[in-house]
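Sequence first, predicted coordinates after that:
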Amino acid sequence: MVTRAKQALFLKTKNIGDAIILTASIAALPAFYRFVDVICLPHSEAIFKMNKRVRHVFVIPRDKKSLDKISAYFNLFKRLFNERYDLLAHFSVDWRGAILARLLHVETSVSRQTDRRGSFWHQSFDFLAPALDSERAMAEQDVDLLRSANLYKKSAAPAYNLNISGLQKKKVNAWLKKHDIHVKNKLVVIHASSRWKFKEIPVSTWAKIIDELHSQKIDVVISGSHDDVKTNEMIFDLCELKPVLTKDFSLIDTAALYERADLVLTIDSMSTHLASAVKTPVVSIFGPTNEKNWGPWKGKYKVIGLSIKDDEIFACRPCGQDGCEGTKISQCLVQLDPKMVISQALLMLKA
């Protein structure tokens with residue numbers, strides 16, 4: 001008797017970093033779920049296309065308007081109803097997952113407890129993982145959904161998992177060669193910008209770090225999206241020894257660049273998780289955000305963050321606030337000594 005292969009549908013309608021974190025849960029899903037489909041936001045689509053276990057990526061039409069949006073949702077739901085999902089795991093707290101859990105008639109549905117929703121939302125699911133806490137990595141807390149549904153028994157969540165194609169690697173290697181970056185020198189890729197400016201260190205700090213790395217015969221590339229170009233150019237202008245800037249890299253290009261690098265040096269951003277996912281050592285600089293939740297996962301890494309151990313003035317870190325006293329500027333990052341970053345980067349490169 002031939003049994004039908006089981007199918008799972010994962011929903012995570014959050015940011016790129018959250019999408020990378022979800023790849024740990026995809027890896028944790030038992031092998032008898034042969035097919036895994038994902039619903040995500042548009043900017044996260046590329047992440048799941050780099051995961052070999054994901055079959056279909058369904059994108060939420062959040063950027064569409066009026067009738068176009070209604071039509072796009074209709075077509076999305078139509079495709080979902082044509083599948084026969086056995087598991088629905090909702091890793092966000094929006095209403096889409098609860099609605100689908102009630103309409104798709106899956107064998108098993110699971111989400112997590114949240115004080116943002118009432119009883120109707122919670123009763124939409126067969127199983128509920130504990131609410132989020134501030135002490136454990138988000139990868140572990142995502143995998144809690146599978147633990148709650150008795151689908152994962154291990155005490156530790158798997159590593160993130162992204163796959164870079166050979167063609168993509170060749171493309172990035174050709175780009176590096178064009179900019180006179182060769183394997184004879186160590187390569188550090190820096191990600192300096194964030195949509196949340198309170199997570200950034202000053203551009204003058206970055207310039208000092210880059211100049212010192214260059215003086216040690218280390219090649220430096222500054223990566224980022226189109227939105228990051230202005231910040232990256234400000235750093236470039238302050239450097240005595242100029243780094244190379246990426247200006248038109250896609251997310252997949254950036255992943256291939258990170259894999260090629262000897263070290264990723266970044267602020268608290270999706271780059272922390274992207275480096276972990278391609279198994280490249282990472283030094284990640286944290287300010288207000290809690291690294292226990294959002295720090296690197298598995299692999300070689302070092303988190304830098306001023307705290308009471310360094311200066312009692314920063315006993316408040318991590319505060320979870322968007323800058324000190326509403327200023328959108330975090331003094332625990334402004335006052336970070338570039339020597340602290342440089343020393344950790346050099347140690348990691350020697351490891």
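Sure, I can see it. Residues are numbered from 1 along each chain as shown.

chain center to stretch 155-167, what's the gap?
12 Å (Cα atoms, centre = their mean, to the nearest Å).

same check, this time on stretch 35-53
Distance, centroid of stretch 35-53 to centroid of chain: 13 Å (Cα atoms, centre = their mean).

Could you export that stretch as PDB, CA atoms only?
C-alpha atoms of stretch 35-53 as PDB (Å, rounded to 0.1, in the frame of the first residue of the first chain):
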ATOM      1  CA  PHE A  35       7.200  18.600   1.300                       C
ATOM      2  CA  VAL A  36       7.500  21.900   3.100                       C
ATOM      3  CA  ASP A  37       5.800  25.100   1.800                       C
ATOM      4  CA  VAL A  38       6.200  28.500   3.400                       C
ATOM      5  CA  ILE A  39       4.100  31.700   3.500                       C
ATOM      6  CA  CYS A  40       6.200  34.800   4.000                       C
ATOM      7  CA  LEU A  41       6.500  38.500   3.300                       C
ATOM      8  CA  PRO A  42       8.000  39.600  -0.100                       C
ATOM      9  CA  HIS A  43      11.400  40.600   1.100                       C
ATOM     10  CA  SER A  44      12.000  37.200   2.700                       C
ATOM     11  CA  GLU A  45      11.200  35.100  -0.400                       C
ATOM     12  CA  ALA A  46      14.800  34.800  -1.400                       C
ATOM     13  CA  ILE A  47      15.700  33.200   1.900                       C
ATOM     14  CA  PHE A  48      13.400  30.300   1.500                       C
ATOM     15  CA  LYS A  49      14.400  29.800  -2.100                       C
ATOM     16  CA  MET A  50      17.900  29.100  -0.800                       C
ATOM     17  CA  ASN A  51      16.600  26.300   1.400                       C
ATOM     18  CA  LYS A  52      16.500  23.000  -0.500                       C
ATOM     19  CA  ARG A  53      13.800  21.500   1.700                       C
END
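
Now do Ala192 against Asp86, distance only.
Relative to Asp86, Ala192 is positioned 44 Å away (Cβ to Cβ, to the nearest Å). Every C-beta, even on glycine, is put in place using the N, C-alpha and C of the backbone.

Show me which positions of stretch 78-90 end up buried.
Burial within stretch 78-90, assessed by neighbour count using 16 or more other Cβ atoms under 10 Å, is assigned to Leu80, Tyr85, Asp86, Leu87, Leu88, Ala89, His90.

pLDDT weak spots in the stretch 151-300 of the chain?
Applying pLDDT under 70 to the stretch 151-300 of the chain flags no residue at all.

Now do the helices in it.
Secondary structure of the stretch 151-300 of the chain (DSSP state H, counting those that start in this stretch): helices located at 166-178, 203-215, 229-238, 251-260, 270-277, 291-294.

and the closest residue to Asp262 other than its chain neighbours, backbone torsions?
Distances taken as Cβ to Cβ, 6 or more residues apart in numbering place Lys186 nearest to Asp262, at 4.6 Å, with adjacent residues excluded. Note on Lys186: backbone dihedrals following degrees, to the nearest 10 are phi -70, psi 150.

wait, doesn't Lys186 sit right on Leu263?
Yes. Taking contacts as Cβ atoms under 8 Å, Lys186 lies within contact range of Leu263: 7.3 Å.

between those two, which one's more packed in?
Leu263 (26 against 18; other Cβ atoms under 10 Å).

residue contacts, that one?
Lys186, Leu187, Val188, Val189, Thr280, Pro281, Val282, Val283, Ala345, Met348, Leu349 (Cβ atoms under 8 Å, 6 or more residues apart in numbering).
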